[in-house]
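Trainee: Prediction below, plus the sequence it came from.
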Amino acid sequence: MRVFLDTNVWVAAVATNGLCQDLVTVCLSDHVVLTCDLSRRELFDVVSRKLRPPNGVLKWIKELWAMTVAIEDAPLRLGSPDERLVAAAATAGADLFVTEDKEVLARRHVGPMRIVSPRDAWLILLAAPPAWRAHRQTAAAI
């Protein structure tokens, strides 16, 4: 699947152990993760300003980012950053746009792209091919 992770999902994955961190791991290993420069800038801004990460975290984020597929940002005229991220993902052919933002979630879909919460994305990806399930079982055993 082609998955676009909203900035808030990336921040949650970096800030805490939990669902978003697991979701990012699975998406990067078994799916195509789409990103754009706007999302990257937002992520580094939030992490640098609000989380004050320990040494090595920004480097780790850059390493994760290197495993994604960069897509073009949507034009500024589209308005808010959220609108631009959704438009960029839809234009690039994302299957899922994953976010924790309730206003964005209320849209439910843009064309064929579904807008889902991290929990819903997890359940959708659970139905993905067996390679993903084997990855999760191996990770749980470690």
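Mentor: Alright, I've got the coordinates. Source: prediction; values computed, not measured.
Trainee: rest of the way, CA atoms for contacts and neighbours
Mentor: OK.
Trainee: By mean pLDDT, flag the weakest helix or strand of this structure.
Mentor: Sorting the helices and strands of the chain by mean pLDDT, DSSP states H and E puts helix 130-141 at the bottom, at a mean of 46.
Trainee: For this protein, just list every one of the helices.
Mentor: For the chain, the helices defined by DSSP state H occupy 7-15, 19-30, 37-46, 57-65, 81-91, 102-105, 118-126, 130-141.
Trainee: Least reliable of the ones you listed by average pLDDT, please.
Mentor: Per-stretch averages of pLDDT across these put helix 130-141 at the bottom, with a mean of 46.
Trainee: Against Ala88, how distant is Gly56?
Mentor: Distance, Gly56 to Ala88, by CA to CA, to the nearest Å: 29 Å.
Trainee: of those two, who's got more company?
Mentor: More crowded of Gly56 and Ala88, by other CA atoms under 10 Å: Ala88, with 22 against 9.
Trainee: And that one, how close does it get to Pro75?
Mentor: For Ala88, the distance to Pro75 equals 9 Å [CA to CA].
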